[in-house]
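Q: sequence? don't have it. structure:
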């Protein structure tokens, strides 16, 4: 029996998407593939809420998060990093690796970002050129207020870069309306495809920064990707991961058929089901509701007498994979992903198994 | 009807490899996937002829070629780049982008590298820390003498980095015996899989250089990849492209079943068939036989009255995709790939179509 993947990525890939990823190879510089690529980007744009450029990046999400930094900044540039979880912290570490001066804001992992904290950090560091923000941080299950942080960044004239890897496609995103400058997502979460491909939306202001940024880049150069996409037969530099593009295209067909509003409502419903069960079972959220919870996953404190490893092992024995805690929460927490192709019935099965494990009460 | 891909990558993916790439998603940090990853690297090592580290890199070949540079060098380091084709030139350009001082050797596109030219360039630039060499350059169809260049590099104490993207798996490679320090290959050529994943073999000397190299890197950091692979349950940093790993594993099963010596012999046979036909049809090779020709593809001068675009269009009308010329040869050349899953019968069909086009004599 296939294990039920209740992990916050990679997520289950629907049959039609698996089939699309098994098409006979097409050449990446053929009219046929170019049409598929363009159609994929056209379908992604509304999910980003962006009318401008959405670029494919031939890497996993982590590569695209790095690309956002190397494309927009020069060594010594100051940035503010929102660090209320492992992935916010990781992005800050990447920026440091590339010689940026990183000012951390909101490093309390138990709650959503308060835009006023970002504003205060920007006030304290008036040279900061940008704010880096995870939308949904999968280490905490917290959703951050992109609109609020965007407004704070805009007041200081700073750019806003958003890691939307575990939100885009499961949670509404309004790139243009909120005033985001860079948003990054990847294929293997709400986009229900194989890992290995990312997408980046860019604002006009982001392109202005890109034009003068001096960090070295080649593979990840956004201008080169834009140039290749602007050709008579749009393409990407190098060899496009054609099968993952085909998968994402098929996944976007699924999303279109279900209706994007229904997809978002389903994610909300699954999150509510999970949180109600957590409460009914006498458990508690790793990051209680000081702020907004992510619709795409829930981080739960394991009862001490079973422990997170005990929960995971016993779930696994029941054919269900849940994720371990990350970073500060490694020894206390387990995480249930409810995103992408996951349905309420899958969540019900998972929560029933959890209830059974708690009733048995053994490690 | 599916188009016959006679291109030098991406190449046709065998049915069993497509099926492996359509397995239900497995989590990248599961025992099941870890076993698949380790088995894939174990099977790749003999193809490299390497007993040391072979690392997966979550990018296409171009990304891994960049990774070789950012992992081994510091800004201002001098290197010698062998530039007898578009891909040698591209690698030199990437190195320049990252602040290396590049001395070009062997920039004649019509012939294989002469190791004496490399030696002379190293003598003229005694500070050069490495030589960068394409094994098979797909822009010219020329195979370079890795053993000879390795010996030249070793005499000067320089490292040897080899782009084996279009050779590994189709042509013998002896990483240890030749004394190569870094060799890069990718999934979509002789390894008969989807684009999006690369592999890098590293020598002990390469690791020594890696430890002191100061170019910034995060996503592509080889030490981080090695560390993740050394865990009790081997893994990679970030989300592994699990389906491409599964494809490469299945492709290596195909290679094992055919027998690697038979695979190499088949590539030689297809290259000979193609060159004999070129001669019999009164055509000429883009880079005549001053040196060794690559067993994986053939670059052919198009007859002037038809032109390369005419050849490609008429081949396409017959259901066969051949590649355009690259760089200096764009207006004169077309290229036939005969690598990976391509069989002598596919080559025969291609050459028959070519003969028919020449007989018809129209543009």
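A: Now that the structure is in, tell me what you want to look at. None of the values given here were measured: they were computed from a predicted structure. Numbers count the residues shown, from 1 in each chain, chains lettered A, B, ... in the order given.

Q: what about the least confident helix or strand in chain A by mean pLDDT, distance to the chain center?
A: For chain A, the helix or strand with the lowest mean confidence is strand A:292-293, at a mean of 90 (criterion: mean pLDDT, DSSP states H and E). The chain centroid and the centroid of strand A:292-293 are separated by 15 Å under CA atoms, centre = their mean, to the nearest Å.

Q: other SSEs contacting the helix or strand just after that strand?
A: Sequence order places strand A:297-301 as the next helix or strand after strand A:292-293, per DSSP states H and E. Other helices and strands packing on strand A:297-301, by 3 or more CB pairs under 8 Å, 6 or more residues apart in numbering or on different chains; DSSP states H and E, are helix A:260-280, strand A:284-285, strand A:333-337. C-beta: built from backbone N, CA, C; applies to glycine.

Q: okay if I get those as a markdown table plus distance to chain B and mean pLDDT?
A: Listed next are the helices and strands packed on strand A:297-301 as a markdown table, based on distance: least, CB to the nearest CB, whole Å; pLDDT from 0 to 100:
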| stretch | distance to chain B | mean pLDDT |
| --- | --- | --- |
| helix A:260-280 | 18 | 97 |
| strand A:284-285 | 23 | 94 |
| strand A:333-337 | 10 | 97 |
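
Q: Quick check: which of the ones you listed is nearest to residue A:352?
A: Shortest separation from residue A:352 across those is recorded for helix A:260-280, at 8.9 Å, computed as CB to CB.

Q: could you give the angle of the closest one to strand A:333-337?
A: Helix A:260-280 and strand A:333-337 meet at an angle of 150 degrees, taking axes from the mean of the first three to the mean of the last three CA atoms, to 10 degrees as the criterion.

Q: which secondary structure elements does helix A:260-280 contact?
A: The criterion is 3+ CB pairs under 8 Å, 6+ apart, and the helices and strands that helix A:260-280 contacts are strand A:284-285, strand A:297-301, helix A:344-360.

Q: now do 6 Å
A: For helix A:260-280, the packing partners by 3 or more CB pairs under 6 Å, 6 or more residues apart in numbering or on different chains; DSSP states H and E come out as helix A:344-360.

Q: Quick one: name the residues of the stretch 151-300 of chain A near chain B.
A: A:188, A:194-196, A:216, A:218-219, A:238-239, A:241, A:243 (CB under 6 Å from any CB of the partner chain).

Q: Let's see which of these end up in helices.
A: Secondary structure of these is defined by DSSP state H; positions in helices are residue A:243.

Q: Just want the most central residue of chain A.
A: Centrality entry for chain A: nearest residue to the mean C-alpha point is residue A:165, 1.5 Å, by CA atoms, centre = their mean.

Q: what sits against that one?
A: A:61, A:185-186 (CB atoms under 6 Å, 6 or more residues apart in numbering or on different chains).

Q: ok so, going back, can you say which of the helices and strands packed on strand A:297-301 is nearest to residue A:67?
A: Put simply, out of the helices and strands packed on strand A:297-301 the one that sits nearest residue A:67 is strand A:333-337, at 24.9 Å, with distance taken as CB to CB.

Q: what's the angle between that closest one and strand A:297-301?
A: 160 degrees.

Q: Parallel or antiparallel, list what pairs with strand A:333-337.
A: When pairing is defined by DSSP bridges, strand A:333-337 lines up against strand A:297-301 (antiparallel), strand A:323-324 (antiparallel).

Q: Give me the buried stretch members for stretch A:145-155, please.
A: A:145-146, A:148-154 (16 or more other CB atoms under 10 Å in any protein chain shown).

Q: That stretch - what's its average pLDDT?
A: What stretch A:145-155 shows for mean pLDDT is 98.

Q: Now the residue of the stretch 51-200 of chain A found nearest chain B. Nearest residue, chain neighbours left out?
A: Evaluated by CB to the nearest CB, the stretch 51-200 of chain A has residue A:196 as its residue closest to chain B, separated by 3.4 Å. On the basis of CB to CB, 6 or more residues apart in numbering or on different chains, the spatially nearest residue to residue A:196 that is not a chain neighbour turns out to be residue B:241, at 3.4 Å.
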